[in-house]
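Enquirer: 3D, please:
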Amino acid sequence: MSYFDAASAAPLHPVARQALLASLDEGWADPSRPYREGRRARLLLDAAREAAAEAVGCRPDELVFTSSGTRAVHTGIAGALAGRRRIGRHLIVSAVEHSSVLHSAEVLEADGGTVTQVPVDRTGAVTVRGYEDALRPDTALACLQSANHEVGTEQPVAAVAEACRAAGVPLLVDAAQSLGWGPVEGDWSLLTASAHKWGGPSGVGLLVVRKGVRFAPQGPADERESGRSPGFENLPAVVAAAASLRAVRAEAEREAARLRELTERIRSRVPALVPDVEVVGDPARRLPGTVTFSCLYVDGETLLHELDRAGFSVSSGSSCTSSTLTPSHVLRAMGVLSEGNVRVSLPPGTPAEDVERFLEVLPGVVSAVRDKLAAPASEAVVRDDALVVDALGRRCPIPVIELAKVIGEVPVGGRVRVLSDDEAARLDIPAWCEMRGQEYVGEEPADRGSAYLVRRLS
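Expert: Residues are numbered from 1 along each chain as shown. Next up is the predicted model:
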């Protein structure tokens, strides 16, 4: 079995396992107590904090451990907003932030604050100008991930941090996906991360608040972790997280070069091996082990199940695998195809042979899934000088499949109107037009769902 979902959780690093087992014996006491066992636990906690701070590039007293990366994000955003409440209640986020950031933004809006989402291009990257234009006199905080969790695109954090600093606005960086590969450059103000992303144990997050940043912890006061993360520290997990971060950093340069070569094989060979595939994300400014692509005319859930049966654990941003039946907000913001989406994120140590086997297996798996979806064409009728395809009540990727079946039946310059009530069609039909060189005219209201109008160009 080949595990290709390190962006969700990396396998536990051997150093983390060793440190976890050792500290279970040595770090069980309360580190706030003055007796011998407490002093021993305090030494372990202080050493872990210093090691993590060195990896981040901050002072040890600027870093606290939290119960998860999500908790670090929620605590960081709430505290920074509260600390700057006199300035205003405006928050800036990118459109492709992790859900933990976007959920915090929703809480602010529900409480009367305002949020600006900075758009991204088709590679998933923001522009510095986008953040500069979003800054306002009442902006309390800006947030930007260091690298995207779904497509691997790295963001211009240092340049955005400089723009925010010039405006007197702190920048919170979600470094969950990148911290294992290296420190985040730039003059950022707050940073969050999650240990299970770099091979540490789950249940450990990092929150860094630079000296001088106005920060007001929310919730009942607690004397632990500078009052910013309440509760007894999970000391064995904290020690293991810090030890594994140091270990993966020692291997990062060599392993990053190796994984970049492997993911480049996937990026270049998948479109040649599988027809009608779109590789998404920035081709150069991306995480070493992450590559994402989408396959036309494929049900995402079926594709992931078949790849699992073939021995590959991958992830997907496809609406076809989502309990909400809505496309990934990242893929939607990028304006790229969501159906049949596959995210391959290779953990350190992935053998090249596993990638070669994946490339051998993938074409047959995609072909078999497409064959299963070769459903009878919906009845098409001509109405208002357009060929109308009724795909109402049919889920992704059927509306796009039906569009592809009939586009050749209209003359060049002719139009097809696809009726669909599937949320994914709003993203996938324009993306299909972009891929196949057809013109997406737009969306119109319909009695049920929406009507998507396409003009044949070739």
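
Enquirer: gap between L91 and A105?
Expert: Between L91 and A105 the computed distance is 6 Å (CB to CB, to the nearest Å). In short, each C-beta sits where N, CA and C put it, glycine included.

Enquirer: shared neighbours, those two?
Expert: 77, 115 (CB atoms under 8 Å, 6 or more residues apart in numbering).

Enquirer: So those two - more neighbours on which side?
Expert: L91 (25 against 21; other CB atoms under 10 Å).

Enquirer: contacting residues for the more buried one?
Expert: Counting by CB under 8 Å, 6+ apart, L91 has contacts 77, 81, 105, 108, 113-116, 139-143.

Enquirer: From those residues, which land in strands?
Expert: 114-116, 139-143 (DSSP state E).

Enquirer: okay if I get the residues you listed as JSON lines plus distance to F215?
Expert: Formatted as JSON lines, these follow (distance: CB to CB, whole Å):
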{"residue": "T114", "distance to F215": "21"}
{"residue": "V115", "distance to F215": "20"}
{"residue": "T116", "distance to F215": "22"}
{"residue": "T139", "distance to F215": "16"}
{"residue": "A140", "distance to F215": "11"}
{"residue": "L141", "distance to F215": "10"}
{"residue": "A142", "distance to F215": "15"}
{"residue": "C143", "distance to F215": "15"}
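
Enquirer: for these, which one is nearest P14?
Expert: Nearest to P14 among those, counting by CB to CB, is C143 at 33.8 Å.

Enquirer: For the closest one, give its distance to G124.
Expert: Applying CB to CB, the value for C143 to G124 is 16 Å.

Enquirer: mind listing the helices for this protein?
Expert: 14-26, 36-56, 69-83, 99-110, 128-134, 157-166, 235-273, 300-309, 329-334, 352-372, 398-406, 425-436 (DSSP state H).

Enquirer: Tell me the buried residues in the second one?
Expert: In this case it means helix 36-56. By neighbour count on 16 or more other CB atoms under 10 Å, the buried set for helix 36-56 is 41-42, 44-45, 48-49, 51-56.

Enquirer: now swap in the last one and tell me
Expert: Buried residues in helix 425-436, defined by neighbour count with 16+ other CB under 10 Å: 425-434, 436.

Enquirer: now, the most widely separated pair of those residues?
Expert: R426 and R436 (17.4 Å).

Enquirer: need the helices of the chain in TSV with mean pLDDT and distance to F293, can you?
Expert: TSV is the format used below for those (pLDDT from 0 to 100; distance: least, CB to CB, whole Å):
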stretch	mean pLDDT	distance to F293
helix 14-26	94	31
helix 36-56	95	32
helix 69-83	97	26
helix 99-110	97	22
helix 128-134	98	26
helix 157-166	98	25
helix 235-273	97	6
helix 300-309	92	11
helix 329-334	93	11
helix 352-372	95	10
helix 398-406	85	16
helix 425-436	86	12
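
Enquirer: Could you work out which of the ones you listed reaches nearest to V412?
Expert: helix 425-436 (13.4 Å).

Enquirer: for the closest one, packing partners?
Expert: Applying 3 or more CB pairs under 8 Å, 6 or more residues apart in numbering; DSSP states H and E, one finds that helix 425-436 contacts helix 398-406, strand 415-420, strand 439-445, strand 450-455.

Enquirer: which one of those is the most hemmed in?
Expert: Using mean count of other CB atoms under 10 Å, the stretch among the helices and strands packed on helix 425-436 with the largest mean neighbour count is strand 415-420, at a mean of 24.

Enquirer: what does that strand rub up against?
Expert: 383-392, 394, 399, 402-403, 406-407, 410, 425, 429, 441, 444, 446, 448-456.

Enquirer: Just checking: what are the partner strands of that strand?
Expert: Each strand paired with strand 415-420, and its direction, by DSSP bridges: strand 386-390 (parallel), strand 450-455 (antiparallel).

Enquirer: weakest of these by average pLDDT?
Expert: Lowest mean pLDDT within these: strand 386-390, a mean of 86.

Enquirer: still on that earlier bit, quick check: which of the strands paired with strand 415-420 is nearest to G199?
Expert: Of those, nearest to G199 by CB to CB is strand 450-455, at 44.0 Å.

Enquirer: could you turn the closest one into CSV, dropping everything but the C-alphas?
Expert: The C-alpha coordinates for strand 450-455 follow below in CSV (Å, rounded to 0.1, in the frame of the first residue of the first chain):
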residue,chain,number,x,y,z
SER,A,450,-29.5,27.1,-13.4
ALA,A,451,-28.9,27.1,-17.2
TYR,A,452,-25.3,27.2,-18.4
LEU,A,453,-24.8,28.6,-21.9
VAL,A,454,-21.9,27.4,-24.0
ARG,A,455,-21.0,28.5,-27.6
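
Enquirer: CA-only coordinates of stretch 179-196 in PDB, if you can.
Expert: C-alpha atoms of stretch 179-196 as PDB (Å, rounded to 0.1, in the frame of the first residue of the first chain):
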ATOM      1  CA  LEU A 179       7.100  24.500   8.300                       C
ATOM      2  CA  GLY A 180       8.600  21.100   8.000                       C
ATOM      3  CA  TRP A 181      10.400  22.200   4.900                       C
ATOM      4  CA  GLY A 182      11.900  25.400   6.200                       C
ATOM      5  CA  PRO A 183      11.200  28.700   8.100                       C
ATOM      6  CA  VAL A 184       8.700  31.200   6.800                       C
ATOM      7  CA  GLU A 185      10.500  34.200   5.400                       C
ATOM      8  CA  GLY A 186       9.400  37.700   5.900                       C
ATOM      9  CA  ASP A 187       8.400  40.100   8.700                       C
ATOM     10  CA  TRP A 188       5.200  38.300   9.700                       C
ATOM     11  CA  SER A 189       3.600  39.000  13.100                       C
ATOM     12  CA  LEU A 190       1.900  35.700  14.000                       C
ATOM     13  CA  LEU A 191       2.400  32.100  12.900                       C
ATOM     14  CA  THR A 192       0.500  28.800  13.300                       C
ATOM     15  CA  ALA A 193       1.400  25.200  12.500                       C
ATOM     16  CA  SER A 194       0.400  21.700  13.200                       C
ATOM     17  CA  ALA A 195       2.800  18.800  14.200                       C
ATOM     18  CA  HIS A 196       1.000  16.000  12.400                       C
END
